[in-house]
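Trainee: sequence and predicted structure are below.
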Amino acid sequence: MAEIKQPGEGVQIDLISAKRMNGLASMEKIRMILDGVRDGNIVVLEEGLTPDEESKLIEVTMTEISPDEFNGIEIETYPRSEAADQSFLDRLMGRESTKKLTVIGPANQIETLHKDETLISALVSRK
Amino acid sequence: MPRLARAREDRMGLLTELKDSISRAASTLFSEQDPKRIGIYGPPNAGKTTLANRIARDWTGDAVGPESPIPHETRRARRKENVEIERDGKSVQIDIVDTPGVTTKVDYTEFLDHDMEKDDAVRRSREATEGVAEAMHWLREDVDGVIYVLDSTKDPFTQVNTMLIGIIESQDLPVLIFANKIDLEDSNVQRIRNAFPQHETVPLSALEGDNMDEVYDKIAEYFG
C-alpha cells in the first residue's frame, strides 16, 4: 500500500477491493492487513475474510502483540454469519459466502460506538 | 520331537498368532469410540473455567483450573480426560478442553487496574496472547464439538462472538451456546437467543449450579 500521509496529518484509510484480495493467498491477505494496521491505517475490505482466514488473523495478531507497541486489532463485520445458511456441499466446493464488509484497525485507534445487523458505527482517532 | 510333529506345531503356532492378531485388529476396530474432545470457548470472563470445574467436579470429583475475576486467568488450554456423564441410563464419555478467552487485543495496562506490577502485567499479557493463539489452533484442529459460553448480562453482538461462531460453523462442529450467570439480576438469555437463533441456547449459572440437569441432558444429546 502506498504511503502517502505525513505523521500526525490524519488517519489513512485503505479500501481494498474484492478483486485485489481474490488474487492473494490467505497468509498474503493477513500480512497485508496487519502491515497496514501496524502502520496505523484503517483497512476496509469489500468482501471480508473466510472464517478460516479470520481464525488465522486472530492467531497471527496474537503473536505480534507487544507491550507499548502493538495492542492488537479491532475488527468489525456485520453480526449475522452467513455460513449457517450454506449447504455442506457449497462449503466443500469452496462456494463460501463471506461477502461482508469488514473494517480492521489498530485496537488503540478505533472504537466501536454501535453495531447491529445493518449498521457499524466506529470512532477513529489519530495515534 | 519328530520333524513332522514339529512342523505341525509350527503351523498351529502360526495359526494361533494369526487368529490373535485378527482378534486384536477387530477389537480395535469395534471398540468403543474414543471420548469426544469438547472445547469450552467464549470471550474472557464468561465463566468457562467455572463451568469446566463444575462439570469436572460433578462427574470426576476434581477441578480443571483456578477461577478468577481477572481476565485471562486461563492462559493455557487445559484438558480433563474421560469425564463420564450419565443420562437416562446411558453414559457419555467426553474430554473437556477449557480454553483461554478469545479476543483480538490484549493491553497489559488493563491488568495494572487489578493491583498488578508492570512486570507481572506484561508477563500475563504475553501469556494471554499465546493462550489465545493456542485456543484458535485447538479450534481448527483438535476439538470434536464446542460449548460456547457467554455472560448473559453482556451484549452478545460482539465481533469476537460473531467471528468465533462463524469459524465453528465453518468447521461443521456441533455447538451448544451456554448463557451463563443467570443468577445475576442483569441476565438476559433472550438477547443471546436472538443473536444466535440458529443454535440451541441453554441458560445456566455455573457458579451456583442452576439448571445443570438441562446442561447435562444437552451435552449428552449433542456430543454423545
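Mentor: Sure, I can see it.
Trainee: would you mind measuring from the spatially most central residue of chain B to chain A?
Mentor: By CA atoms, centre = their mean, chain B has its centre lying nearest to B:Gly39, at 2.5 Å. Going from B:Gly39 to chain A by CB to the nearest CB, to the nearest Å gives 13 Å. No exception for glycine: its C-beta is placed from N, CA and C like everyone else's.
Trainee: beta-bridge partners for that residue, please?
Mentor: Beta bridges link B:Gly39 to B:Val97, B:Val146, judged by DSSP bridges.
Trainee: B:Lys90: neighbouring residues, count only.
Mentor: Residues lying near B:Lys90 (other CB atoms under 10 Å in any protein chain shown) number 9.
Trainee: my guess is the residue nearest to the centre of chain B contacts B:Gly145. True?
Mentor: Yes: with contact defined as CB atoms under 8 Å, B:Gly39 and B:Gly145 form a contacting pair (7.4 Å).
Trainee: need the contact list for the residue in chain B that chain A sits nearest to.
Mentor: Nearest residue of chain B to chain A, counting by CB to the nearest CB: B:Lys105, 3.1 Å away. Counting by CB atoms under 8 Å, 6 or more residues apart in numbering or on different chains, B:Lys105 touches A:Thr61, A:Ile65, A:Asn71, A:Gly72, A:Ile73, A:Glu74, A:Ala107.
Trainee: show me where pLDDT drops low in chain A?
Mentor: Across chain A, the ranges flagged by pLDDT under 70 are A:1-8, A:79-98, A:127.
Trainee: dump the contacts of B:Lys105 to JSON lines, plus distance to B:Leu207, neighbour count and secondary structure.
Mentor: Formatted as JSON lines, these follow (distance: CB to CB, whole Å; neighbours: other CB atoms under 10 Å in any protein chain shown; DSSP: H, G, I helix; E, B strand; the rest coil):
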{"residue": "A:Thr61", "distance to B:Leu207": "31", "neighbour count": "29", "secondary structure": "helix"}
{"residue": "A:Ile65", "distance to B:Leu207": "30", "neighbour count": "24", "secondary structure": "coil"}
{"residue": "A:Asn71", "distance to B:Leu207": "30", "neighbour count": "22", "secondary structure": "coil"}
{"residue": "A:Gly72", "distance to B:Leu207": "29", "neighbour count": "22", "secondary structure": "strand"}
{"residue": "A:Ile73", "distance to B:Leu207": "32", "neighbour count": "23", "secondary structure": "strand"}
{"residue": "A:Glu74", "distance to B:Leu207": "30", "neighbour count": "22", "secondary structure": "strand"}
{"residue": "A:Ala107", "distance to B:Leu207": "30", "neighbour count": "20", "secondary structure": "coil"}
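Trainee: quick one: those residues as CSV, columns for distance to B:Ile219 too.
Mentor: Below are the contacts of B:Lys105 laid out as CSV (distance: CB to CB, whole Å):
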residue, distance to B:Ile219
A:Thr61, 32
A:Ile65, 34
A:Asn71, 36
A:Gly72, 33
A:Ile73, 34
A:Glu74, 34
A:Ala107, 35
